[in-house]
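Enquirer: coords below, sequence missing:
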Ligand code: NDP
């Protein structure tokens, strides 16, 4: 007998948005350590673009999507933190969130508080847990520290602006238009720089009385890496966590010494949430900030699942702000 069916987004080849296809497949039943979830909403992330394009190579054919929220339909053996009927949300490997329903490992799936909508859940897990590890787990950050955050009006960016405000950290944001800068300021950035029209390095020096910032959080990569290093104080920390403009060129480590004994790291969310208990704790911290009203999840784009290619095009063309949701 055939079980429940799902639509799922797959790629057979790496390439542009035209490589995204919708297939119909059987969902299956969860094995030990797994759950079956039926999505109410799916989050779109820039990692979906890297995986589709081949910047992050995948074994093909491959399913896409790293973030979703919905209702647990079934749980396998050895799963104690979720049961059928629970509301849940996740950011997790393996890719495959762009679908109606799926079977997946349970460890990174988190019970979603009733006060948080499925859409917000799907929009905030990958982006919000990233902000959590950037601010709490990558380098010690204290009230009064100053951070430069690129793409501050994006999905991760608007959460970062609010997180910084809630912790008394001064965030200088960059964004690609004056309207995006206004949005970043509205969400808690202390200053915003339109890096398409202004030299962001010179402006950061000006804003910090020539001192530079304690930490740079750079997800743009190729276009901003060098300028970002020039924004740091001596002993400052460069967190390079993405490549929206392309990968960073190989780095001559001597440059870090010459620019003031800088530190450099290239983290991934999936290392930080690999441990079940840590992941659940990080999610609880994020949920607490949302429920307390310190962070509002802003969803500025919604696309039906079958228009996933349109959603990718908008994200890559820098046309989006805040989070983007795919509707199953
Ligand atoms: P965003 O909503 O921030 O979209 C990306 C933004 O990058 C664009 O809107 C644009 O903003 C900016 N950008 C600058 N140059 C380019 C370019 N050449 N092409 C496209 N966009 C460009 O995406 P997400 O919130 O999903 O992710 C933000 C970044 O964080 C991504 O780079 C992602 O890979 C990274 N990330 C890394 C994680 C990790 O653990 N390492 C986890 C989660 C996200 P503007 O117009 O304002 O410049």
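Expert: Right, received. Where do you want to start? If you're wondering where the values come from, they're calculated on a predicted model, not measured in any experiment.
Enquirer: which single residue in the protein comes nearest to the ligand?
Expert: With C-beta to the nearest ligand atom, the shortest gap between the chain and the ligand falls at residue 154, namely 2.0 Å. For the C-beta atoms, the positions are set from N, CA and C on the backbone; glycine is no exception.
Enquirer: and that residue, how many neighbours?
Expert: Each residue near residue 154 was counted by other C-beta atoms under 10 Å, and the total is 29.
Enquirer: for it, give its distance to residue 107.
Expert: Distance, residue 154 to residue 107, using C-beta to C-beta, to the nearest Å: 28 Å.
Enquirer: the residue of the chain closest to the ligand contacts residue 320, correct?
Expert: Yes: at 7.3 Å, residue 154 counts as touching residue 320 under the criterion of C-beta atoms under 8 Å.
Enquirer: show me what from the stretch 151-300 of the chain comes close to the ligand.
Expert: Residues of the stretch 151-300 of the chain lying close to the ligand by C-beta under 6 Å from any ligand atom are 151, 153-157, 175-176, 180, 219-220, 223, 241-242, 244-245, 267-269.
Enquirer: now do 8 Å
Expert: 151-157, 174-177, 180, 195-196, 219-221, 223-224, 241-246, 266-270, 272 (C-beta under 8 Å from any ligand atom).
Enquirer: wait, what's in contact with the residue of the chain closest to the ligand?
Expert: For residue 154, the contacting residues are 320, 321, 322, by C-beta atoms under 8 Å, 6 or more residues apart in numbering.
Enquirer: phi, psi for the second one please.
Expert: Think residue 321. Main-chain dihedrals, residue 321, degrees, to the nearest 10: phi -130, psi 160.
Enquirer: before we move on, what about residue 308?
Expert: Per-residue torsions, residue 308: phi -60, psi -30 (degrees, to the nearest 10).
Enquirer: please apply the same query to residue 209.
Expert: Residue 209 has phi and psi values of phi 50, psi 40 when expressed as degrees, to the nearest 10.
Enquirer: number of nearby residues for it?
Expert: Tallying neighbours of residue 209 according to other C-beta under 10 Å, which is how burial is gauged here, yields 7.
Enquirer: and what of the one 10 residues further on?
Expert: Residues near residue 219, counting by other C-beta under 10 Å, number 22.
Enquirer: thinking it is in contact with residue 248, fair?
Expert: No: Residue 219 is beyond contact range of residue 248, at 10.9 Å (criterion: C-beta under 8 Å).
Enquirer: how about the closest residue to residue 280 other than its chain neighbours, what does it touch?
Expert: What sits nearest to residue 280 in space, not counting adjacent residues and going by C-beta to C-beta, 6 or more residues apart in numbering, is residue 110, at 5.9 Å. If a contact means C-beta under 8 Å, 6+ apart, then residue 110 has 88, 89, 90, 125, 279, 280, 283, 284, 287 as its contacts.
Enquirer: beta partners of residue 110?
Expert: Using DSSP bridges, the beta-bridge partners of residue 110 come out as residue 89.
Enquirer: next one: it from residue 290, what distance?
Expert: Using C-beta to C-beta, we find residue 110 at a distance of 12 Å from residue 290.
Enquirer: does residue 67 really touch residue 125, like I thought?
Expert: Yes: using C-beta under 8 Å, residue 67 is in contact with residue 125, at 5.1 Å.
Enquirer: who's more crowded, those two?
Expert: Neighbours per residue, other C-beta under 10 Å: of residue 67 and residue 125, the larger number sits with residue 125, 33 against 30.
Enquirer: contacts only, for the more buried one.
Expert: When contacts are counted by C-beta under 8 Å, 6+ apart, residue 125 touches 43, 67, 69, 89, 90, 91, 110, 283, 286.
Enquirer: and it, that one's in a strand?
Expert: No: membership of residue 125 in a strand is not supported by DSSP: H, G, I helix; E, B strand; the rest coil, which gives helix.
Enquirer: for the residue nearest to it when sequence neighbours are not counted, report the pLDDT, please.
Expert: Residue nearest to residue 125 in three dimensions, not counting chain neighbours: residue 91, with 4.0 Å by C-beta to C-beta, 6+ apart. At residue 91 the predicted local confidence, pLDDT, stands at 98.
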